[in-house]
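J.: Please find the sequence and the predicted model below.
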Amino acid sequence: MSVSPDTAQSHPGTVAAEKQALYARSALAGYFFLTGALLPVWASRIPAVKDQAGVGADQLGLALLCMGVGAMVTARLGGALLDRCAPRFVIAPAAVAAALCLILPGTARGPQELAAALFVLGTAHSLLNVSVNTHAAVLQRPLGRSLMSSFHAFVSLGACFGALCGMFTAYAGLSPLVAFQSMGVLLALVALLPVGALVRFVPPEPRHPRPDGGAEPRPRLSPHLLLVGALVLAAMLSESAVQDWSALFAQESVGASGTFAASVFAAFTVTMTLGRLMGDRLALWLGRVNLLRSGALLVIGGFAIALGIPWPATVLLGFALVGLGLSCAVPQLFSAAAEIDPRHVGRNLGTVAAIGYLGPLVGAPVIGMLSAQFGVGTGLLLPVLLACGLALGAGVARPRGQSPLG
């Protein structure tokens, strides 16, 4: 790992600065892991919470919508807040708050209580998500290379850990409240461990003075930023579509058993994690635009295999390719958003994250309606169309200093 001249000037002693940067990077990876672990703990116990709260499927859907709304609003407002206070000071409190908010759904005894609990959980988790991504964008600046995909690999690893913990609590017969209390307190305590290493390293400030020497203009939503947000929406909708519908498609198309149907989503998750672990090196080798475009083409090919050749092996292979193709999309698009204006990294990342959260909210009912009328395979054509848009629009993610549409 090398340290830029700016970093060396900001931190006397290059060796000491390098060690602090390494510690900060490791600490931030831990917080990305926590970000991924929290929601799967809740999601794995949704059936038990639904029964405990006495809500129907429609009321559960509205409660989940409240969670998404809380996440969207917080991403937009929280991102702007992070431009005024260093995200490294926000991450640990946000992680502790999100972990403790995990307890709230376990206390719900009615639809209103569940909706309120999920709104608060979505708000706290969104603040953590935007904070870690903003700091990752700031941390990778002095290194001069991408770190975002490898950080997001820890989100995937955390998600696997959270899902396994949720399964264990269900197998052990723990009530949702006891399960959420034990996991929430545990994750909150873990969130306090790396805080020292995170806050000690101070990344250098961006040096982009105004050429006219005037005051900084009021930040605005540029078309470039909105286009990046639209691509994030496409990627997040596609990820959620596979998460929600891949197992059902396997059962509907090839009559798969429950175990095989679950393995389809597992294959998607494993290849997504592997792709993110390799993503930063691939970005250096191929370039961000080529990586996004080739990934989108891989998604299209994976869906073509899974939907067009409905055999067990091809369905498994197809969704594995989809996971590999989608793995680097959100991390690389977040990096692109952070580069649009280094003075407003938090605001820009919060904006594209808020737009991205619309994807699962819109995609779930649209795919559900298409699936009810024409089958799950037809519903999954929506992410195929969005992958085509991702391939065509990948040029907007071109690194700073080059034409964004070139």
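T.: All right, it came through fine.

J.: Do a quick rundown of the helices in the stretch 101-250 of the chain.
T.: With DSSP state H, counting those that start in this stretch applied, the stretch 101-250 of the chain shows helices at 111-140, 148-171, 176-192, 195-200, 223-254, listed in chain order.

J.: Pick the most buried one from those.
T.: When you average the neighbours per residue for each of the helices of the stretch 101-250 of the chain (mean count of other Cβ atoms under 10 Å), helix 111-140 leads with a mean of 25. (C-beta placed from N, C-alpha, C; glycine too.)

J.: what about that one, distance to the chain center?
T.: 11 Å (Cα atoms, centre = their mean, to the nearest Å).

J.: which helices and strands does that helix pack with?
T.: helix 14-43, helix 46-53, helix 57-82, helix 91-101, helix 148-171, helix 329-340, helix 345-374 (3 or more Cβ pairs under 8 Å, 6 or more residues apart in numbering; DSSP states H and E).

J.: Quick one: closest of those to residue 188.
T.: helix 91-101 (3.9 Å; Cβ to Cβ).

J.: ok, residues contacting the closest one?
T.: Residues outside helix 91-101 that contact it (Cβ atoms under 8 Å, 6 or more residues apart in numbering) are 28, 31, 34-35, 38, 117, 120-121, 123-125, 127-128, 131-132, 135, 183-188, 191-192, 195, 198-199.

J.: Now do it against helix 14-43, angle only.
T.: Per axes from the mean of the first three to the mean of the last three Cα atoms, to 10 degrees, the angle that helix 91-101 makes with helix 14-43 is 20 degrees.

J.: Could you check the angle helix 91-101 makes with helix 57-82?
T.: Computed by the same axes, to 10 degrees, the angle separating helix 91-101 from helix 57-82 equals 160 degrees.

J.: For helix 91-101, output the C-alpha coordinates as CSV.
T.: Included here for helix 91-101 are C-alpha records, laid out as CSV according to Å, rounded to 0.1, in the frame of the first residue of the first chain:
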residue,chain,number,x,y,z
ILE,A,91,-20.1,5.6,11.9
ALA,A,92,-19.8,4.1,15.4
PRO,A,93,-22.8,5.8,16.9
ALA,A,94,-24.9,4.9,13.9
ALA,A,95,-23.8,1.3,14.1
VAL,A,96,-24.7,1.1,17.8
ALA,A,97,-28.0,2.8,17.2
ALA,A,98,-28.8,0.5,14.2
ALA,A,99,-27.9,-2.6,16.3
LEU,A,100,-30.1,-1.6,19.2
CYS,A,101,-33.0,-0.6,16.8
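
J.: for that helix, the distance to its chain's centre please.
T.: From the chain centre to the centre of helix 91-101 is a distance of 17 Å (Cα atoms, centre = their mean).
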